[in-house]
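>>> using only what follows, build the 3D model:
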Amino acid sequence: MNEATGGEGATVQQKEIITIADIRLLVDTFYGRARQDELIGPIFNNTIGDHWPEHLNKLCGFWQTILLGQHTYHGAPFPPHTVLPLEKAHFERWLQLFHRTLDDLFTGTRAEEAKQRSMMMAQMFQYRLGEHAQRGPTPVC
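Modelled structure (predicted):
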């Protein structure tokens, strides 16, 4: 384990991402920070409302599938984002907070993989949201 300085100046033991408990720590810590962020917090809080426990469980399943190869997530993460007022700055802040959370808590190849995957997701979501905006609403036939 490596040591890092936590958000309040306390020393935190970094560790590898190995178990679902590690995924839960990542998700809970990151979304705790995101909910408090003045840029992305309102979007999360207004969208998720009082459904945070269910949302956090879904996100744990998503990252468990991605990082641990345990297929517990079934769904399509992109479509719910098409109705949100997301801009480049939101994705930049999301990445900044997510990477800082990873750096504060974890080390190793899976932590680096999580960073790479998050950057690819942010790029793909921005691209697809741009395409979605250009097409406009889907006509009802």
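>>> which residues does the host helix or strand of residue 58 contact?
Assigned by DSSP states H and E, residue 58 belongs to helix 52-63. With contact meaning C-beta atoms under 8 Å, 6 or more residues apart in numbering, helix 52-63 is reached by 20, 23-24, 26-28, 31, 35, 48, 72-75, 77, 114. Where you see a C-beta, it was placed from the backbone N, CA and C, and this is true even at glycine.
>>> would you mark the buried spots in it?
Residues of helix 52-63 classed as buried by neighbour count (16 or more other C-beta atoms under 10 Å): 56, 58-63.
>>> now the helices: where do they sit in the protein?
20-36, 41-48, 52-63, 88-105, 109-135 (DSSP state H).
>>> quick one: average pLDDT of the helix holding residue 58?
In this model, helix 52-63 has a mean pLDDT of 96.
>>> ditto for stretch 29-42
Mean predicted confidence for stretch 29-42 is 96.
>>> do stretch 107-119 as well
On average, stretch 107-119 scores 98.
>>> so how far is that stretch off the chain centroid?
12 Å (C-alpha atoms, centre = their mean, to the nearest Å).
>>> what's in contact with it?
Under the contact criterion C-beta under 8 Å, 6+ apart, stretch 107-119 has outside partners 1-2, 14-18, 26, 63, 66-68, 94-95, 98-99, 102-103, 106.
>>> most centrally placed residue in this protein?
residue 98 (6.3 Å; C-alpha atoms, centre = their mean).
>>> contacts only, for it.
Contacts of residue 98 (C-beta under 8 Å, 6+ apart): 30, 114-115, 118.
>>> for residue 78, same thing?
Taking C-beta under 8 Å, 6+ apart, we find residue 78 in contact with 124-125, 128.
>>> if we use 10 Å, what do you get?
121, 124-125, 128-129, 132 (C-beta atoms under 10 Å, 6 or more residues apart in numbering).
>>> of those, closest to residue 86?
residue 129 (6.1 Å; C-beta to C-beta).
>>> right, and the closest one touches residue 87 too?
Yes: look at residue 129 against residue 87 with C-beta atoms under 10 Å: they come within range, at 9.0 Å.
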